[in-house]
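Student: Could you work out the structure for the sequence below:
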Amino acid sequence: MGQTFYALTPGHLKFIAAQHMFFVATAPLSATASVNVSPKGYDSFHVLSPTRVAYVDLTGSGVETISHARENGRITIMFIAVDGPPNILRLYGRCTVHLRGTPGFEESLPQHLQDMVAARAAIVVDVSRVTSVCGYAVPFYQFVKQRETLIDHWVRKGESALEPYHRLKNSKSIDGLPGLWYPWHARWWHAYLRWRSRSSWDSAVFFCLGMAAGSFIITRPFAERRLGLGFGTISFL
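Tutor: The predicted structure follows:
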């Protein structure tokens, strides 16, 4: 028989830790828009408390979960047993999105998940209901290994390729809902990553240019400083 809980128990946490995959379901508010289900692999799930969990959202061609989370926040996470005793564990709740480079991203995920090269956001879920049901019809499968294709792809591309890809592929959902966005702090973080990837000689040149520009702006009258900073911000964006 199915059981309902309002927080994760030690038994749930043990079951979650043993799984190699989970599924995420979200949907927009529109009755004519598309419901989305996404499988998640790697060691990407993290428990913050018995009523709060998070996972690292990795870069891909779709952005459905983030778009739905921005619109309404509804989410269901499902773990299934494919070996051992049968079980289907569902976590129901509301989620928020924290882009890479923002304080919420860093506060929600352990360092090894923050450092994943393909990471684009943390999805944080406030869990309101947990159900555990039999799963008698779920077949047995044997885990072999995680696929490294996604990580290898972005290692070859490099950090500097992430934001252009996000802007091209992840700006909206298949139903036209807003997807990824870049507030000023996330943009500065990606600019820092691009700067860090340069050679030491390039870094020194950019540092000297930045110091010279800063000195020029500081010595100008206040109105000119505002104008210069405004043009600099526009050119950066």
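Student: Thought residue 127 was touching residue 91, still the case?
Tutor: Yes. With contact defined as Cβ atoms under 8 Å, residue 91 counts as touching residue 127 (5.1 Å). Any C-beta I mention is one placed from the backbone N, CA and C, and that applies to glycine too.
Student: what do these two both touch?
Tutor: Common contact partners of residue 91 and residue 127 (Cβ atoms under 8 Å, 6 or more residues apart in numbering): 8, 53.
Student: For burial, what's the neighbour tally of residue 180?
Tutor: Using other Cβ atoms under 10 Å, residue 180 has 22 neighbouring residues.
Student: just checking, it touches residue 169?
Tutor: No. Residue 180 lies out of contact with residue 169 (Cβ under 8 Å); the separation is 9.1 Å.
Student: Report the residue spans of the chain with pLDDT below the cut-off.
Tutor: The chain contains residues with pLDDT under 70 at 1, 182-237.
Student: Okay, buried residues for the strand of greatest length in it please.
Tutor: For the chain, the longest strand by residue count, based on DSSP state E, is strand 119-133. Going by neighbour count (16 or more other Cβ atoms under 10 Å), the buried part of strand 119-133 is 119-125, 127, 130, 132.
Student: on that earlier part again, please enumerate the shared neighbours of residue 180 and residue 169.
Tutor: residue 63.
Student: Could you export the buried residues of strand 119-133 to a markdown table, including columns for distance to residue 44?
Tutor: Supplementary listing: the buried residues of strand 119-133 in a markdown table, determined by distance: Cβ to Cβ, whole Å:
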| residue | distance to residue 44 |
| --- | --- |
| 119 | 9 |
| 120 | 12 |
| 121 | 12 |
| 122 | 10 |
| 123 | 10 |
| 124 | 13 |
| 125 | 13 |
| 127 | 17 |
| 130 | 19 |
| 132 | 22 |
